[in-house]
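[1] Provided below are the primary sequence and the corresponding predicted coordinates.
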Amino acid sequence: MRLQLTFFVCLLAVPVVAAEPSRRNILLLVADDLGFQVGCYGDKAAKTPNIDKLAANGTRFTHAFASVASCSPSRATILTGLPTHQCGQYGLAHATHNAHTFRDVQSVPKLLKTAGYRTGVIAKLHVQPAEVYPWDAEIRNNGRNGAQIAEAAKKFFADSGEKPFFLLVGFTDPHRAKKGFDSETPYKGVPHEKIDAKDVPIPYHLSDKPEVRAELADFYSATARLDFGVGAVLKALDDSKLADSTLVIFLSDNGIPFPGAKTTLYDSGVRLPLIVHAPTGRAKGITNQAMVSWTDIAPTVLDWAGVKPTPAMSGKSLLPILGAEDVLERGTVFGSHQFHEITMYYPMRMIRTRTHKLIRNLAHPLPFPFASDLYGSEMWQGVLERKDTMLGRRSRKAYEHRPKEELYDLEKDPNELTNLAESPKHADTLKELRTKLLAWQTATKDPWLVKETHE
């Protein structure tokens, strides 16, 4: 009797672990041109309760980096696990830009489709060709209308039946529209959050001017609209009784659509929100300081699905570290940029550690080019009309004319304003980062790799 009682007590002491779902779905939510203008990342002006709630129930990464601050190249990196120079999506996919991913690349939708998944994309995709990114359902939609997107998502969930699914929702917000951020006329069923221009914080790379505040207020309204869409899609997932079997990933493709962020490799362009929610017994409300890259997203999705990543993928799955607050060995990320629009050739390579960043401007004699939507913005036209010499805390000259190398001490200079590449005191750091960057370029077969002798 004593033996039986002891055995019973031991059984009670065994911790209860949530059962792993037999059907492993993936929902990837991609914002368009969103930086840290999110409540859970400390922005008090942001109206993002749904994104904040997702963070409170999952893992919020504080040091997550896109490898390029341009829409199509970044989305290709997310869906292939390869930097732009390796996957071939050098620039934007649409219109005359017409950049393509290499046709032999194995993308996430292609690998998952082969593994028996039903794949779908709603609204913005912005990569090509179709043979590399095959979808069972490609649902055209207004990427700013969260109500319509949620209805399309609900139908996709139902149509998937018992098949596991991978659904990409490509929001258009808070990308610029033809005029402003398309916030003047509210969409039916979508709340309109008006932000007062006097309440918006001014990023260090922008000057405090009336047109800057007006555009930022419009941007924050578009961000609130994005948040509604995120919440509506998550509600559709929950209403479909699929939340307990679905990995949810929320991120942005690149930084905010203002000079000094988008199309640059400064942190304002590539350090972005990343929230991951896995439903199977992992800790909630975790803030993880590990340095991770968008090249890690594809391995993460494939890991969840039980599919092996391709040998070319250099990233690592994030699933093992979702309950951690930091992972010290994850301390380096890389960046690779060639084009935004086809007229904007400016190849750059980057290595960023926890303390330093090195940017190599491979065509540094060229002036730094402007994206057409940024150039046409009221804020930039104001700069030109006034002949401003400063862009926030950075000189306009330093922004438009880059040196061959930019080295920054991020602990002392988080805004990347003081270039230390010519400083003798930092020669050893420069040499070390050059060596690591060269090794990465070699490993990823970078076509822009030029071997040079450095004194």
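    Looks like it came in fine. Residues are numbered from 1 along each chain as shown.
[2] Can you give me every residue that contacts the residue lying closest to Met291 once chain neighbours are set aside?
    Nearest residue to Met291, sequence neighbours excluded (Cβ to Cβ, 6 or more residues apart in numbering): His63, at 4.5 Å. C-beta: built from backbone N, CA, C; applies to glycine. If a contact means Cβ atoms under 8 Å, 6 or more residues apart in numbering, then His63 has Arg271, Gln289, Ala290, Met291, Val292, Arg354 as its contacts.
[3] His63: which element?
    His63 belongs to strand 59-65 when assigned by DSSP states H and E.
[4] Tell me the strands beside that strand, with direction?
    Strand 59-65 pairs in its sheet with strand 271-277 (antiparallel), strand 286-293 (parallel), by DSSP bridges.
[5] Outside of the longest one itself, list whatever touches it.
    Contacts to strand 286-293, defined as Cβ under 8 Å, 6+ apart, come from residues 58-67, 274, 315, 318, 321-327, 330-334, 352-354.
[6] which is the next helix or strand following the strand holding His63?
    helix 71-80.
[7] what residues does stretch 431-451 touch?
    With Cβ under 8 Å, 6+ apart, stretch 431-451 has contacts from 82-83, 85-86, 314, 332, 334, 336, 338, 347, 349-351, 353, 356, 358, 360, 362, 407, 454.
[8] sorry, back to before: now list the buried members of the contacts of strand 286-293.
    Burial by neighbour count, 16 or more other Cβ atoms under 10 Å: within the contacts of strand 286-293 this picks out 58-67, 274, 315, 318, 321-322, 327, 330, 333-334, 352-354.
[9] For Glu406, give me the pLDDT.
    pLDDT for Glu406: 98.
[10] Report the secondary structure state of it.
    strand (DSSP: H, G, I helix; E, B strand; the rest coil).
[11] need the contact list for it.
    Contacts of Glu406 by Cβ under 8 Å, 6+ apart are Lys357, Leu358, Ile359, Asn361, Glu416, Asn419, Ala421.
[12] Kindly list the longest helix within the chain.
    Longest helix in the chain, counting residues (DSSP state H): helix 210-239.
[13] looking just at contacts, which helices and strands does that helix meet?
    Helices and strands touching helix 210-239, by 3 or more Cβ pairs under 8 Å, 6 or more residues apart in numbering; DSSP states H and E, are strand 25-31, helix 49-56, helix 146-159, strand 246-252, helix 378-386.
[14] who are the neighbours in contact with Phe156?
    Counted by Cβ under 8 Å, 6+ apart, Phe156 has contacts Gly120, Ile122, Ala137, Ile139, Phe165, Leu167.
[15] tell me which residues of stretch 297-308 are tucked away?
    Ile297, Ala298, Pro299, Thr300, Val301, Leu302, Asp303, Trp304, Ala305, Val307.
[16] shaky segments in the stretch 51-200 of the chain?
    Within the stretch 51-200 of the chain, no stretch falls below the threshold (pLDDT under 70).
[17] so how many other residues sit close to Ala398?
    15 (other Cβ atoms under 10 Å).
[18] How about Lys113?
    If you count neighbours by other Cβ under 10 Å, Lys113 ends up with 16.
[19] Please identify which helix or strand holds the residue lying closest to it once chain neighbours are set aside.
    Counting by Cβ to Cβ, 6+ apart, Lys113 lies nearest to Thr119, which is 5.2 Å off, once chain neighbours are set aside. With secondary structure defined by DSSP H and E, Thr119 is part of strand 118-123.
[20] Next up, the contacts around Ile195.
    Contacts of Ile195 by Cβ under 8 Å, 6+ apart are Ala45, Lys47, Ala217, Asp218, Tyr220, Ser221, Ala224.
[21] of these, buried ones?
    Buried by 16+ other Cβ under 10 Å: Lys47, Ala217, Asp218, Tyr220, Ser221, Ala224, out of the contacts of Ile195.
[22] In TSV: those, plus pLDDT.
    Listed next are the buried ones among the contacts of Ile195 as TSV, based on pLDDT from 0 to 100:
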residue	pLDDT
Lys47	98
Ala217	98
Asp218	97
Tyr220	98
Ser221	97
Ala224	98
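[23] helix, strand or coil for Lys357?
    strand.
[24] Let me know the distance separating the residue nearest to it when sequence neighbours are not counted from Ala421.
    Closest residue in space to Lys357, ignoring its immediate chain neighbours: Tyr408 at 4.8 Å, by Cβ to Cβ, 6+ apart. The spacing between Tyr408 and Ala421, counted by Cβ to Cβ, to the nearest Å, is 9 Å.
[25] one step back: give me the angle between the longest helix of the chain and helix 146-159.
    Counting by axes from the mean of the first three to the mean of the last three Cα atoms, to 10 degrees, helix 210-239 lies at 30 degrees to helix 146-159.
[26] so how far is helix 210-239 from its chain's centroid?
    16 Å (Cα atoms, centre = their mean, to the nearest Å).
[27] Give me the buried positions along it.
    Using 16+ other Cβ under 10 Å as the test for burial, helix 210-239 gives 211-213, 215-234, 236-237.
[28] Show me the two of the contacts of His63 that sit farthest apart.
    Arg271 and Ala290 (13.3 Å; Cβ to Cβ).
[29] re the thing from before, so which of the strands paired with strand 59-65 has the densest surroundings on average?
    Greatest average neighbour count among the strands paired with strand 59-65 goes to strand 271-277 (a mean of 24), per mean count of other Cβ atoms under 10 Å.
[30] returning to what we had before: mind listing what's buried in the strand holding Thr119?
    In strand 118-123, counting by 16+ other Cβ under 10 Å, buried: Arg118, Thr119, Gly120, Val121, Ile122, Ala123.
[31] what angle separates that strand from helix 146-159?
    On the basis of the same axes, to 10 degrees, strand 118-123 is oriented at 170 degrees to helix 146-159.
[32] List the neighbouring strands of strand 118-123 plus their orientation.
    Next to strand 118-123 in the sheet, as set by DSSP bridges, lie strand 137-139 (parallel), strand 165-170 (parallel).
[33] Could you list the residues in contact with the last one?
    With Cβ under 8 Å, 6+ apart as the test, strand 165-170 has contacts from 25-30, 32, 75, 79, 108-109, 112, 117-126, 143, 149, 153, 156-157, 229, 233, 301, 305.
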